[in-house]
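A.B. asks: what follows is a protein structure lacking sequence information:
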């Protein structure tokens, strides 16, 4: 199914934005963002292990991959999500692939240390 249209919503400035919902039955508030994150709807996980050409490569014992490729459905991951994925996969470099309307984008994130100014 192809979706070519977009949908925009306009909210009056007087409306207060919140990410909480109110349960009318028992009168409790719940954080919607927290609930969605706990559901792991868009959890990032590697889709492919990529090995660069190597004369010592064996299918039965491939060794560590050169990098892991994660396919993304929506937006690029947040910094917190990136750090969690890096921790889970033991320091193997990660690359991300995002496909949108036939356009393929590869993303790679590295930590950078900047010098402090006096």
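C.D. replies: Received it, and whenever you're ready, just let me know what you need. All figures in this text were calculated on a predicted structure; none of them were measured in a lab.
A.B. asks: now do the helix or strand harbouring residue 85: which elements does it pack against?
C.D. replies: Taking DSSP states H and E as the criterion, the element that holds residue 85 is helix 79-88. Other helices and strands packing on helix 79-88, by 3 or more CB pairs under 8 Å, 6 or more residues apart in numbering; DSSP states H and E, are strand 94-100. (C-beta placed from N, C-alpha, C; glycine too.)
A.B. asks: what comes up buried for the strand it packs on?
C.D. replies: Neighbour counts over strand 94-100 (16 or more other CB atoms under 10 Å) mark 94, 95, 96, 98 as buried.
A.B. asks: just the closest of those to residue 54, please.
C.D. replies: residue 95 (18.2 Å; CB to CB).
A.B. asks: hmm, that closest one is touching residue 105, no?
C.D. replies: No: the pair residue 95 / residue 105 is not scored as a contact, 10.8 Å apart, by CB atoms under 8 Å.
A.B. asks: mind listing the shared neighbours of these two?
C.D. replies: Residues touching both residue 95 and residue 105 by CB atoms under 8 Å, 6 or more residues apart in numbering: none at all.
A.B. asks: residue boundaries of the helices in the chain?
C.D. replies: 32-39, 79-88 (DSSP state H).
A.B. asks: of those helices, which shows the lowest average pLDDT?
C.D. replies: Ranked by mean pLDDT, the helices of the chain bottom out at helix 32-39, with a mean of 54.
A.B. asks: give me the pLDDT value at residue 48.
C.D. replies: Looking at residue 48, its pLDDT stands at 88.
A.B. asks: okay, buried residues for stretch 97-112 please.
C.D. replies: Buried, per 16+ other CB under 10 Å, within stretch 97-112: residue 98.
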